[in-house]
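Asks: from the sequence below, what's the structure:
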Amino acid sequence: MSQDVRHKQLIKTAQEWETSGLVLLSGELGYASDTGLIKVGDGINTWVNLPNLNNAFEYDAVNKRLIFS
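Replies: Sure thing, here's the model as predicted:
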């Protein structure tokens with residue numbers, strides 16, 4: 001039997017992330033809604049100290065979508 005599962009990621013603006021002090025859990029995704037940045041938590045570091053996952057993507061701010069390189 002199959003089950004439909006949906007996951008909602010944490011979404012904030014870049015400024016909200018930078019000032020929140022929130023530590024993403026290991027493997028947890030965070031998304032900056034105004035810049036398109038995506039980061040994966042390590043359970044230790046805050047947003048500003050995590051690497052961007054977007055190095056393989058280009059963000060189209062006009063259409064608010066990711067373009068894969």
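
Asks: now do the strands in the protein.
Replies: If DSSP state E is used as the criterion, the strands of the chain fall at 10-12, 29-32, 38-40, 57-60, 65-68.

Asks: nearest to G21 among those strands would be which one?
Replies: strand 10-12 (11.8 Å; CB to CB). Any C-beta I mention is one placed from the backbone N, CA and C, and that applies to glycine too.

Asks: how about the closest one: buried residues?
Replies: Buried residues in strand 10-12, defined by neighbour count with 16 or more other CB atoms under 10 Å: L10, K12.

Asks: and that strand, what does it pack onto?
Replies: With contacts taken as 3 or more CB pairs under 8 Å, 6 or more residues apart in numbering; DSSP states H and E, strand 10-12 sits against strand 29-32.

Asks: so for the strand it packs on, mean pLDDT?
Replies: Here strand 29-32 scores 94 as its mean pLDDT.

Asks: buried residues in that strand?
Replies: Neighbour counts using 16+ other CB under 10 Å place L29, G30, A32 of strand 29-32 among the buried residues.

Asks: closest to I44 among these?
Replies: Nearest to I44 out of those is G30 (CB to CB; 14.0 Å).

Asks: any idea how far that closest one is from S2?
Replies: 28 Å (CB to CB, to the nearest Å).

Asks: next, format the strands of the chain as TSV and append distance to P51.
Replies: Formatted as TSV, the strands of the chain follow (distance: least, CB to CB, whole Å):
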stretch	distance to P51
strand 10-12	17
strand 29-32	12
strand 38-40	7
strand 57-60	13
strand 65-68	17
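
Asks: which one of the ones you listed lies nearest to T19?
Replies: Nearest to T19, of all those, is strand 10-12, at 9.4 Å by CB to CB.

Asks: quick one: strands adjacent to that closest one?
Replies: When pairing is defined by DSSP bridges, strand 10-12 lines up against strand 29-32 (parallel).
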